[in-house]
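Q: Mind looking at a prediction? Sequence and model below.
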Amino acid sequence: MDYVWKRANIEHLSAAQLLRTPAKWIFDYVYLSPAERIAQGVGWRAHMGSAVHDAIQGICCAGQDIDEAIQIALNEYDTCKAEDDPVLFERMRAAMPGCVDNGVGAISEAGFVGSKSERFAKLHMDGIAVPIIGYIDFQQMLPSGKIINCELKTKGPRKTRILKDGSQGWTKATMPKRPEWKHVCQAAIYSAATDAETVIIYIAESDSITFTADNCDELKRSGLATALEEMRQRALIRQNLLNISPDPRVLASITDPDWQHMYQWKIGEEWVWKAKQLWKM
């Protein structure tokens, strides 16, 4: 069955691929070239999260000075490109030092200081002819030999109404009461690939929360097994689609693009136009 993937020039899957809708996956990974896919870019929130993540890894895994790491993160963020929204750019930038401080505290408390970062993970699923790969944010080996993975997620402040003085109103990021299911699905792949427990930590400018198998049913073995099977089914759907045809126009003709999806098509007018041309019949 691997020929099905090869004829579409796909050698592996990832959690990010599987968490897209089938239509968005067809557009991104079957229709667009790798260069075009990268050119879509991401928003200021994603850039902020990436820079904060790098700073926390530098501090907790490499012993970098926190002030130095924050400045490097700010410089990294300043070189990024995203939507033309200077107010969002500035607010996300202002949130970064607090996010780094809270992230370092949460990672330290969870026992991941001195851990390894960006650990490669590869999983073969039953019935899926290509592997699912990814990189684990933090991985710690205990003296007993037991491995613990950690995924770090950054939450930024959200826009509210325009205030009477004409400035943009903001609400602080709230911590989830349960881990987001998409993050549990990602954790399930990494846990299965490494035979390890996974911790999910959410951080924001003024808060953090840590989920483990001890305080969260989703991260227990049964919860992870459910999430893993969902991801396998998502992979199987993609494999079955490619078995019909590697031609993105054929695949577009049998899938619903769901243009009103809450976030999948927030990729800029130019890219939405390209996608709509693919589904134009």
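A: That came through fine. Worth saying up front: this structure is predicted, and the values here are computed from it rather than measured.

Q: how close does residue 256 get to residue 40?
A: Separation of residue 256 from residue 40 (CB to CB, to the nearest Å) stands at 21 Å. Bear in mind the C-beta positions are built from the backbone N, C-alpha and C, glycine included.

Q: Of these two, which one has the most company?
A: residue 40 (14 against 11; other CB atoms under 10 Å).

Q: tell me the pLDDT at the more buried one?
A: If you check residue 40, the pLDDT there is 86.

Q: Phi first, then psi, for it.
A: Dihedral pair for residue 40: phi -60, psi -40, per degrees, to the nearest 10.

Q: Please apply the same query to residue 144.
A: Taking degrees, to the nearest 10 as the convention, residue 144 sits at phi -70, psi -10.

Q: was I right about residue 125 contacting residue 230?
A: No: assessed by CB atoms under 8 Å, residue 125 is found out of contact with residue 230, at 11.4 Å.

Q: Give me the spatial nearest neighbour of residue 128, chain neighbours excluded.
A: Nearest residue to residue 128, sequence neighbours excluded (CB to CB, 6 or more residues apart in numbering): residue 235, at 4.6 Å.

Q: how about the one you found, what does it touch?
A: By CB atoms under 8 Å, 6 or more residues apart in numbering, residue 235 lies in contact with 13, 18, 125, 128, 132.

Q: try 6 Å this time
A: 13, 18, 128 (CB atoms under 6 Å, 6 or more residues apart in numbering).

Q: The first one against residue 132, yeah?
A: Yes: here residue 13 reaches residue 132: they are 4.8 Å apart, a contact under CB atoms under 6 Å.

Q: got any residues that touch both of those two?
A: Between them, residue 13 and residue 132 share no contacting residue, judged by CB under 6 Å, 6+ apart.

Q: related to what we said a few turns ago, name the residue in residue 125 and residue 230 with the higher neighbour count.
A: residue 125 (19 against 16).

Q: Could you measure from that one over to residue 133?
A: Distance from residue 125 to residue 133, by CB to CB: 12 Å.

Q: Same check on residue 279?
A: Taking CB to CB, one finds residue 279 at 29 Å from residue 133.

Q: In stretch 155-163, which residues are buried?
A: 155-157 (16 or more other CB atoms under 10 Å).

Q: Among these, which ones are in strands?
A: Among those, no member is found in strands (DSSP state E).

Q: possible to save these as a markdown table with pLDDT and distance to residue 149?
A: Output for the buried residues of stretch 155-163, formatted as a markdown table (pLDDT from 0 to 100; distance: CB to CB, whole Å):
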| residue | pLDDT | distance to residue 149 |
| --- | --- | --- |
| 155 | 97 | 20 |
| 156 | 96 | 24 |
| 157 | 96 | 28 |
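
Q: Residue 55 - how many residues pack around it?
A: So residue 55, with other CB under 10 Å, has 28 neighbours.

Q: can you check residue 178 too?
A: Counted with other CB under 10 Å, residues neighbouring residue 178 total 13.

Q: Look at it and tell me its secondary structure.
A: coil (DSSP: H, G, I helix; E, B strand; the rest coil).

Q: mind listing what residue 267 touches?
A: residue 40.

Q: Tell me the confidence at it?
A: 87.

Q: how much space between it and residue 30?
A: 16 Å.

Q: What about residue 123, how many residues nearby?
A: 21.

Q: As TSV, the buried residues of stretch 155-163 with distance to residue 137 would be great.
A: Output for those, formatted as TSV (distance: CB to CB, whole Å):
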residue	distance to residue 137
155	15
156	18
157	22
